[in-house]
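In: Build the 3D model from these lines:
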Amino acid sequence: MNKVLLTLATIFITMNSFAQNHQNNITVNGSHSYSIAPEYSSKMIVSLNNVYYDAQTMTLDEVKTGYAAKLAKAGITADRLTEDKLHYALLGYEKDGTIMVFRTKSLEEMQKFLSVKAIGISRSDTNLDLELSDVQMADYSKEAFENAKSKASAIAAKIGRKIGNAIYLSDTNTKKISESMYYANTKNIRDYNISVSFELL
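Out: Reported below is the predicted structural model:
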């Protein structure tokens, strides 16, 4: 019986302590918007599988040459592209082919590249890639923290309270950002978000 009472008392004290702690802090999200200068990459499938009219006579080299000529007219030289033969092999096509990869930091140039059409060519994927430095992440986190602090102060004032020290901070942002351009926001602005808990005085 004594053990049961002791257990119940321990649970009550723990719950009461948790409730008091919960009532004496405030958790808010902080945000900071920052500019990005990403690299854009696009992969094109260059394959005889995509040739329907001259499939019996056209070679892969002819497909690549024709594509290079179309790119040149758009102001993009063939030496700007790299091949990814392994990726093509993994796709499992039965006819000869390769993957051509184009990279640029200019969204306008990427749009120009994507507009080029040629026999034997189909798009695989187009991505936006970015890597933040440790210094950038620290700076953005500080700005987001100030935003959270301002927000928490305003909320606390509305209920007649003040905030104290920060007692918890969660930053789940990643250094490397990779987004499919099919879904991605093409604007060069992103948000850095954190969660912060402050003492509620």
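
In: so where's this protein uncertain?
Out: Along the chain, segments meeting pLDDT under 70 span 1-23, 53-56, 184-185.

In: Show me what the residue positioned nearest the centre of the chain bridges to in the sheet.
Out: Residue closest to the average C-alpha location in the chain (CA atoms, centre = their mean): Ile177, at 3.6 Å. On the basis of DSSP bridges, Ile177 is bridged to Leu130.

In: Confirm for me that it is in contact with Met137.
Out: No - using CB atoms under 8 Å, Ile177 is not in contact with Met137; the gap is 11.4 Å. All C-beta spots, glycine's among them, are computed from the backbone N, C-alpha and C.

In: check contacts around the closest residue in space to Ser133 that isn't next to it in sequence.
Out: Nearest residue to Ser133, sequence neighbours excluded (CB to CB, 6 or more residues apart in numbering): Lys175, at 7.9 Å. Residues near Lys175 by CB atoms under 8 Å, 6 or more residues apart in numbering: 131-134, 137.

In: Tell me if Phe198 really is in a strand.
Out: Yes - Phe198 forms part of a strand when assessed by DSSP: H, G, I helix; E, B strand; the rest coil.

In: Could you report the distance from it to Ala37?
Out: From Phe198 over to Ala37 the distance is 34 Å, taken as CB to CB, to the nearest Å.

In: neighbour count winner among these two?
Out: The neighbour count for Phe198 versus Ala37, taken as other CB atoms under 10 Å, is higher for Phe198 (25 against 7).

In: who's the more buried one bridged to?
Out: Beta-bridge partners of Phe198, as defined by DSSP bridges: Ile26, Ala166.

In: Please look at it and Lys162 and confirm they touch.
Out: No - using CB under 8 Å, Phe198 makes no contact with Lys162, being 9.4 Å away.

In: Mutual contacts of the two, please.
Out: Ala156.

In: Go through this structure and flag its longest helix.
Out: Across the chain, the longest stretch assigned as helix under DSSP state H is helix 134-158.

In: Identify each buried residue in that one, please.
Out: 140-141, 143-145, 147-149, 151-153, 156 (16 or more other CB atoms under 10 Å).

In: Give me the contacts around that helix.
Out: 26, 28-32, 34, 132, 162-163, 166, 169, 171, 173, 175, 192-196, 198, 200-201.

In: Go through the residues you listed and flag which are in strands.
Out: Under the assignment DSSP state E, the contacts of helix 134-158 contribute 26, 28-32, 34, 163, 166, 169, 192-196, 198, 200 to strands.

In: ok, of those, which come out buried?
Out: Buried members of those, scored by 16+ other CB under 10 Å, are 26, 28, 30, 32, 163, 192-194, 196, 198, 200.

In: now stretch 168-183: how far from the chain's centre is it?
Out: 5 Å (CA atoms, centre = their mean, to the nearest Å).

In: Now do the end-to-end distance for that stretch.
Out: Using CA to CA, to the nearest Å, the end-to-end distance of stretch 168-183 comes out at 33 Å.

In: Thanks again, I'm all set now.
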